[in-house]
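Trainee: 3D, please:
(4 chains)
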Protein chains: 2
Amino acid sequence: MATIEDVARAAEVSSSTVSYVLSGKRSISPPTRRRVEQAIAELGYRPHMGARALASRRTSVIGLMAPLRSGVDVSVIMQFVAGVVSRAKEFEHDVLLLTQDDIGGIERVAAGSMVDAIIVMDVEAEDRRIPVLGALKQPAVLIGLPREADGLSCVDLDFEATGRLAARHLRQTGHRDVALIGSPPEVMARHTSYADRVHRGFTAECDENALTGTVEPCEPTPDGARTAVDALLDRAPETSGFVVHNERALPHVLARLRERGRIVGRDTSVVAVCPHDTALAQHVPMTSIDIPGEVIGAVAVEMAMTRLDGTHPSETRLLAPVLTERGSSAPGPYARAEVDV
Amino acid sequence: MATIEDVARAAEVSSSTVSYVLSGKRSISPPTRRRVEQAIAELGYRPHMGARALASRRTSVIGLMAPLRSGVDVSVIMQFVAGVVSRAKEFEHDVLLLTQDDIGGIERVAAGSMVDAIIVMDVEAEDRRIPVLGALKQPAVLIGLPREADGLSCVDLDFEATGRLAARHLRQTGHRDVALIGSPPEVMARHTSYADRVHRGFTAECDENALTGTVEPCEPTPDGARTAVDALLDRAPETSGFVVHNERALPHVLARLRERGRIVGRDTSVVAVCPHDTALAQHVPMTSIDIPGEVIGAVAVEMAMTRLDGTHPSETRLLAPVLTERGSSAPGPYARAEVDV
DNA sequence: CCATGTTGTCGAAGCGTTTCAACACGCTAG
DNA sequence: CTAGCGTGTTGAAACGCTTCGACAACATGG
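Mentor: Next up, the predicted model:
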């Protein structure tokens, strides 16, 4: 492996000059630059990242803590990851993958100076990683919104507004009796940030507008969907509008509604909260509020990169939800009265 | 951040002694070891990985090239990734995530000495990454089986045997007219290793045993499944046994079969090639051949670690497929005649 | 023409580890 | 009693890069 000295020798300059050509931190005369670049090309020189990290205290690596299994739908996770990776590449950074259950990993990679910044997914309301992250010399960005961010930066879809928006759409299309079919119980139980927030927004919107709103967690299985739908329909048979915030349960919920004699898009409305492609992959293309995983991942990287020098204050960015109407919306029983709202 | 010198001073030894305590490469007297360990704990010392990499030429990082989207089912990918990450941790290694479309990433990461080894997923028959990998100083392990491994190590489920086993199961349960519903056309088209191999095994077993075997690629959507199932059933209405090697299409294939009047597990057999949990998540628990993603990922790591010192020769490991019979198997029209095979 | 920049390059001092050769010490064998 | 050995420890030399300060060489304004 060629070193910077080899390049310097070949280009007949000092190694510091080579370094400056590479980093652009000092001006270099065009002829020198050319010679150096040629030497680099000829030798196939690649800087040794370890040495660089040692001298510059920058690693060109971002740590990403992602939940690799659990109740969360993997395809959604992947979108976040893809967003992070691709935006990181634009900042000339690679991504080191940490898993949820490797809680000590944060400290290890940070204290060992393996990463320049850390991005954390699947944040819970009271996340035990937060104090650890706060103590780091590297900046950290949370994807999600804990109860107390404690000086950390956060980014996410505004899930509270999402819950409201979904309920509002149902109301405006004439529904009074509505329901939220949410995340699996385990996800609810650990107060995963997004689950809580959709719940809160949905309920608030219902309460403020005299809607009857029920909430039901849902296992992402055919059985789980059946149980949830049946529970809702038995308890409140009037329910005509559903919000489903559970990618994996969605097809089963739709199937069960059909089995129970509901015709989605005709006598029953379903608003999905899920990524674009999931919404389109159903039997009926779903009216949905997109979860823009790639965008959020990308923004997380930008926020982290901005804070590398430690001067920028922390910041929370919530992306406004956008509802796209598709085939699963149906006018509700009160449609006429609401037409001008 | 405390350095090794700080620790040495605190423990009243030289820094090399601290290093040897950490690495265990030289014997250390118990009292000294105790003092050093205490100093480390008190100072919260963490070795600087960059410095370590520079001096020792080991990074404690494994590169993992994974396809982050494409036609491959993400939940399957995640299992592989999870296997890699967790086994890597046991070897005290972290995982650097590279994406499929970042082909230069391999060279960058390897030549920059950011990783000790590289694991590559989603290998194609003629994979253009293979020559690059072969030229590296780090060992590489492929998950999948290219046509020409070129001295690289490979590990995967034996998909050819899987195709055969699936066909054989159908034959032995009395089916003569069988079909393989495979990966999406795009996956087929780029000759993704596993797709090709299942195809090959399935056809070979059919040919050798006078089965009528059709193969149909399948988009992972309701429409795609409908098209595929209809095509098969119209072309060969006698077909009573199906092999489905396409996680995302599976539920839709099952749905379409139902719509076409088939009762899976009664008059129609379906063997799924998919992870365990996918097989169980269907309406009918599926007779299936498991794709043990976690195991394969873990084995890949082991193979890579074994080859760190460059002495071990390359090796190919194919895991034998195991078929688990569940609710989706049905006796075929020729069941009686085959009962003793 | 001199004082005063500007620009381009260099030398050298780190950055925090690992590891090699050397050595001090107490033992054992002869 | 000594030569030789194993054990535990050390000093110093890498490892390959960045960056600071210095300094020529040249241009600029007064």
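Trainee: who touches A:Q282 in this structure?
Mentor: A:L250, A:P251, A:L254, A:A272, A:S328, B:P222 (C-beta atoms under 8 Å, 6 or more residues apart in numbering or on different chains). The C-beta positions use only the backbone N, C-alpha and C, and glycine is treated the same way.
Trainee: who wins for most neighbours among these?
Mentor: Each of the contacts of A:Q282 was scored for neighbours by other C-beta atoms under 10 Å in any protein chain shown, and A:A272 scores highest at 28 neighbours.
Trainee: which of the contacts of A:Q282 fall within strands?
Mentor: Taking DSSP state E, the ones among the contacts of A:Q282 that sit in strands are A:A272.
Trainee: closest one of the contacts of A:Q282 to DNA strand D?
Mentor: When those are compared for distance to DNA strand D (C-beta to the nearest atom of the strand), A:A272 wins out at 47.9 Å.
Trainee: what residues are up against the closest one?
Mentor: With contact taken as C-beta under 8 Å, 6+ apart, A:A272 is in contact with A:V243, A:V244, A:H245, A:L250, A:T278, A:A279, A:Q282, A:M286, A:T287, A:S288, A:I289, A:S328.
Trainee: can you narrow these to ones near DNA strand C?
Mentor: With C-beta under 7 Å from any atom of the strand as the criterion, no member of the contacts of A:A272 is in contact with DNA strand C.
Trainee: could I get those as JSON lines with secondary structure and distance to B:V229?
Mentor: Listed next are the contacts of A:A272 as JSON lines, based on DSSP: H, G, I helix; E, B strand; the rest coil; distance: C-beta to C-beta, whole Å:
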{"residue": "A:V243", "secondary structure": "strand", "distance to B:V229": "32"}
{"residue": "A:V244", "secondary structure": "strand", "distance to B:V229": "27"}
{"residue": "A:H245", "secondary structure": "coil", "distance to B:V229": "31"}
{"residue": "A:L250", "secondary structure": "helix", "distance to B:V229": "22"}
{"residue": "A:T278", "secondary structure": "helix", "distance to B:V229": "22"}
{"residue": "A:A279", "secondary structure": "helix", "distance to B:V229": "24"}
{"residue": "A:Q282", "secondary structure": "coil", "distance to B:V229": "18"}
{"residue": "A:M286", "secondary structure": "coil", "distance to B:V229": "23"}
{"residue": "A:T287", "secondary structure": "strand", "distance to B:V229": "28"}
{"residue": "A:S288", "secondary structure": "strand", "distance to B:V229": "27"}
{"residue": "A:I289", "secondary structure": "strand", "distance to B:V229": "32"}
{"residue": "A:S328", "secondary structure": "coil", "distance to B:V229": "24"}
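Trainee: what about the strands in the stretch 51-200 of chain A?
Mentor: Remark: strands assigned in the stretch 51-200 of chain A by DSSP state E, counting those that start in this stretch are A:61-66, A:94-99, A:117-120, A:140-143, A:153-157, A:177-181.
Trainee: which bits of the stretch 51-200 of chain A sit near chain B?
Mentor: Proximity of the stretch 51-200 of chain A to chain B, by C-beta under 8 Å from any C-beta of the partner chain, involves residues A:51-54, A:59, A:61, A:64, A:68-69, A:74-75, A:77-78, A:81-82, A:85-86, A:89, A:94-99, A:102, A:105, A:108-109, A:111-114, A:137.
Trainee: in PyMOL, how would I select the buried members of the residues you listed?
Mentor: To isolate the buried ones among those in PyMOL, judged by 16 or more other C-beta atoms under 10 Å in any protein chain shown, type:
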select buried, chain A and resi 51+52+53+54+59+61+64+68+69+74+75+77+78+81+82+85+86+89+94+95+96+97+98+99+102+105+108+109+111+112+113+114
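Trainee: from the residues of the stretch 51-200 of chain A next to chain B, which are also near DNA strand D?
Mentor: Applying C-beta under 7 Å from any atom of the strand to those, those adjacent to DNA strand D are A:A51, A:R52, A:L54.
Trainee: between those, which is closest to DNA strand C?
Mentor: A:L54 (4.0 Å).
Trainee: confidence score at that closest one?
Mentor: Listed pLDDT for A:L54 reads 98.
Trainee: for the closest residue to it other than its chain neighbours, helix, strand, or coil?
Mentor: Counting by C-beta to C-beta, 6 or more residues apart in numbering or on different chains, A:L54 lies nearest to B:G50, which is 4.3 Å off, once chain neighbours are set aside. Using DSSP: H, G, I helix; E, B strand; the rest coil, the structure places B:G50 in helix.
Trainee: isn't B:G50 right up against A:A51?
Mentor: Yes. Judged on C-beta atoms under 8 Å, B:G50 makes contact with A:A51 at a distance of 7.3 Å.
Trainee: now do the helices in the stretch 1-150 of chain A.
Mentor: Counting by DSSP state H, counting those that start in this stretch, the stretch 1-150 of chain A has these helices, from start to end: A:4-11, A:15-23, A:30-43, A:49-56, A:74-90, A:103-111, A:129-134.
Trainee: ranking these by burial, who's on top?
Mentor: helix A:74-90 (a mean of 22; mean count of other C-beta atoms under 10 Å in any protein chain shown).
Trainee: now stretch A:110-119: mean pLDDT?
Mentor: Here the average pLDDT along stretch A:110-119 is 98.
Trainee: one more: stretch A:257-272?
Mentor: Taken as a whole, stretch A:257-272 has a mean pLDDT of 96.
Trainee: can you pull the buried residues of that stretch?
Mentor: For stretch A:257-272, by 16+ other C-beta under 10 Å, it's A:L257, A:R262, A:V264, A:G265, A:T268, A:S269, A:V270, A:V271, A:A272.
Trainee: any chance of those in JSON lines, plus secondary structure?
Mentor: Listed next are these as JSON lines, based on three-state DSSP:
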{"residue": "A:L257", "secondary structure": "helix"}
{"residue": "A:R262", "secondary structure": "coil"}
{"residue": "A:V264", "secondary structure": "strand"}
{"residue": "A:G265", "secondary structure": "coil"}
{"residue": "A:T268", "secondary structure": "strand"}
{"residue": "A:S269", "secondary structure": "strand"}
{"residue": "A:V270", "secondary structure": "strand"}
{"residue": "A:V271", "secondary structure": "strand"}
{"residue": "A:A272", "secondary structure": "strand"}
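Trainee: could I get those residues as TSV with distance to DNA strand C?
Mentor: As requested, the buried residues of stretch A:257-272 are exported to TSV (distance: C-beta to the nearest atom of the strand, whole Å):
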residue	distance to DNA strand C
A:L257	59
A:R262	63
A:V264	60
A:G265	62
A:T268	62
A:S269	60
A:V270	56
A:V271	53
A:A272	50
